[in-house]
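> Give me coordinates for this.
(chains A and B)
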Amino acid sequence: MENLTVRREQSALLLKYEGEMTLEVIPGLKRTVEAELASDEVTAVVMDLSCVEFMDSSGIGFLVSLFTRMRAAGKGFYLLSISSKVRKTLNLVQLLNYFTVVENDEELATLLA
Amino acid sequence: MIRRTFRATSSPDQSRGLAREVVAFLAGYIADQNVLHDVDIMLTEACANVVRHAYGGGEGGLEVRLRAELGAFVDLEIVDWGEGFGEGARFENPGPESEGGRGLFIISMLSDAVAIRTDGGENILAIHKQIGKNAWKT
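Numbering: from 1, shown residues only, chains lettered A, B, ... in the order given. Sure thing, here's the model as predicted:
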């Protein structure tokens, strides 16, 4: 998936998506992330949302499903550097405090250490 | 008063494109980017509902009817000719663990009034949003 950057840091899977997270792209994004999670022992997923300027309820549902899956497996799920527009949307549906939000790379490094 | 109708087919890419088209048109009159973003989200959710629910997994007609009073408000009607809203339309925020069902709640939070109705063969989601004078282009 061309708008998705995937990298590993220790056993954490870092996903950075650039663009809109809407109904158009979520099925493809789900498939790609499923494949990444099936490949080995990922202990945490970090979703970098700094370059996502628009998210609809499909995008929100994707984040919820990923969080639910990781939590059920006793693993971590973090949202990193949420853009102001996505922050507003997550706040609107009262999910901003439901997720663990990490503000920057330094905070993330501390969390994953 | 401005009136304009925008049409597309209810595929995921066309429905998002339709919302973008309406917002691009409104950007000719509205300067406030936050207001435009709110309208974009409402339209995207409304059109996505048509894609998901109106035609039983298939595609059909999708229309946005815009009526705007400059300096005052925007009315949007999102129309399809599919199965109708039935009993499934919910405006409440589902629990945090729910993966879906937030679209109408989001629209209700960002608008001043929202209603659903069936008129002849048309299923209509009607949105009214007041937009303060300062948000409009001069």
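> Please make it C-alpha for all contacts and neighbour counts, starting now.
Noted.
> report the longest helix in the chain, please.
Using chain A. helix A:57-72 (DSSP state H).
> my question was about chain B
helix B:33-49.
> what element comes up after that helix heading to the C-terminus?
Scanning forward in sequence from helix B:33-49 by DSSP states H and E, the next helix or strand is strand B:61-69.
> Are there helices or strands packed against the next helix or strand after that next one, and which ones?
Once the chain leaves strand B:61-69, the next helix or strand it forms, by DSSP H and E, is strand B:73-80. Secondary-structure packing of strand B:73-80 (3 or more C-alpha pairs under 8 Å, 6 or more residues apart in numbering or on different chains; DSSP states H and E): helix B:33-49, strand B:61-69, strand B:122-130.
> among these, which is nearest chain A?
Closest approach to chain A among the helices and strands packed on strand B:73-80 (C-alpha to the nearest C-alpha): helix B:33-49, 6.5 Å.
> That closest one: which residues count as buried?
Judged by neighbour count (16 or more other C-alpha atoms under 10 Å in any protein chain shown), helix B:33-49 contains these buried residues: B:35-36, B:38-49.
> In a helix, A:R7, correct?
No - counting by DSSP: H, G, I helix; E, B strand; the rest coil, A:R7 falls outside a helix, being strand.
> burial measure for the closest residue to it other than its chain neighbours, as a count.
Using C-alpha to C-alpha, 6 or more residues apart in numbering or on different chains and skipping residues adjacent in sequence, the residue nearest A:R7 is A:L14, 5.2 Å away. By other C-alpha atoms under 10 Å in any protein chain shown, 19 other residues sit near A:L14.
> Just say helix, strand or coil for A:L14.
strand.
> For chain B, see how far away it is.
Counting by C-alpha to the nearest C-alpha, to the nearest Å, the separation of A:L14 from chain B is 22 Å.
> So that residue sits against A:V45, correct?
Yes - taking contacts as C-alpha atoms under 8 Å, A:L14 lies within contact range of A:V45: 6.0 Å.
> Contacts only, for the residue of chain B found nearest chain A.
Going by C-alpha to the nearest C-alpha, chain A is nearest to B:E99 of chain B, at 4.1 Å. By C-alpha atoms under 8 Å, 6 or more residues apart in numbering or on different chains, the contact list for B:E99 reads A:60-62, A:64-65.
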